[in-house]
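# Got a predicted structure plus its sequence, pasted below:
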Amino acid sequence: MKAACDAGNAHRECDAMDCDRGAANGCYRYGFLRAQTNEAGAPQEGLRYMERGCAFGSADACFEIGEIELSDIALAGVPPGTWPPTDPEDALRHYKRACDLGNKRGCDAPRARFGSTPDQTKAMCEHHADACQNGDAAMHAPPSGASCTIAAWCIETSRMPGAAGRACALARRGCALKNPGACAAAKRCP
């Protein structure tokens, strides 16, 4: 296989070998493909490869990890509780790294999700809180555990009046919707 990879053949295994040699984009390509595979353990392996790609400097890998960390992804073949929980703070760190590495989507994602002014941030927090309770009418989506987790984090960090109690209520709602990130946040509540 090494000879085929060295000859320039583009194979999944070649990307994995490139990653082992420290090539950021090889880690990203292999990880991205594995994360979308339904084989047992493949999505988790894919995320590990994308983490390596991000650490090696792949802006695309950093961005995709941020996207995964803000989603309620349910993939066939992935046992419940084994996919990473929704983690808005870690997602923002990955978006920032992607932006710092030149990925425009990494720069735009936090503003798109949370707003760039206090009024926009408050509106985005309220949007996610409403989606947590009632679903997202514009997207024809039912109530979302990810929206609960994002709203709880957004409200808690905004320092709005009554933020701590409201954030805990949203985290508990998200946990009831079976979102691991919301359950983790709810455990920190009084």
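Arrived safely.
# Now Ala131: closest residue in space, sequence neighbours ignored.
Among residues not flanking Ala131 along the chain, Ser147 sits closest, at 3.7 Å (C-beta to C-beta, 6 or more residues apart in numbering). Any C-beta I mention is one placed from the backbone N, CA and C, and that applies to glycine too.
# Look at the one you found and say how many residues are nearby.
Number of residues near Ser147 (other C-beta atoms under 10 Å) recorded here: 30.
# Glu64 now?
The number of residues packed near Glu64 is 25, by other C-beta under 10 Å.
# quick one: which helix or strand includes it?
Following DSSP states H and E, one finds Glu64 within helix 59-69.
# Then the residue nearest to Ala131 would be within a helix, right?
Yes - assigned with DSSP: H, G, I helix; E, B strand; the rest coil, Ser147 falls within a helix.
# excluding its backbone neighbours, what's nearest the spatially most central residue of the chain?
When C-alpha atoms, centre = their mean is applied to the chain, the residue found nearest the centroid is Glu69 (1.7 Å). By the measure of C-beta to C-beta, 6+ apart, the closest residue to Glu69 outside its immediate chain neighbours is Ala91, 3.8 Å from it.
# and after whichever strand or helix holds that neighbour, which helix or strand comes next?
For Ala91, the host element (DSSP H and E) is helix 88-100. Proceeding N to C from helix 88-100, the next assigned helix or strand is helix 104-114, under DSSP H and E.
# Show me what that next one packs onto, helices and strands only.
helix 59-69, helix 88-100, helix 118-134 (3 or more C-beta pairs under 8 Å, 6 or more residues apart in numbering; DSSP states H and E).
# Now with 6 Å, please.
helix 88-100 (3 or more C-beta pairs under 6 Å, 6 or more residues apart in numbering; DSSP states H and E).
# Give me the contact list for the helix it packs on.
59, 62-63, 65-66, 69-70, 106-107, 109-110, 150, 153 (C-beta atoms under 6 Å, 6 or more residues apart in numbering).
# would you turn those into a markdown table with pLDDT and distance to Tyr95?
Formatted as a markdown table, these follow (pLDDT from 0 to 100; distance: C-beta to C-beta, whole Å):
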| residue | pLDDT | distance to Tyr95 |
| --- | --- | --- |
| Ala59 | 95 | 10 |
| Cys62 | 93 | 7 |
| Phe63 | 90 | 7 |
| Ile65 | 88 | 9 |
| Gly66 | 86 | 4 |
| Glu69 | 77 | 9 |
| Leu70 | 71 | 9 |
| Gly106 | 84 | 5 |
| Cys107 | 80 | 8 |
| Ala109 | 79 | 5 |
| Pro110 | 74 | 5 |
| Ile150 | 76 | 13 |
| Trp153 | 73 | 14 |
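# Among the residues you listed, which one lies nearest to Glu45?
Using C-beta to C-beta, Ile65 is the member of the contacts of helix 88-100 that lies nearest Glu45, at 13.8 Å.
# Spatially nearest residue to the closest one, not counting backbone neighbours?
Nearest one to Ile65, counting by C-beta to C-beta, 6+ apart, is His94 at 4.5 Å.
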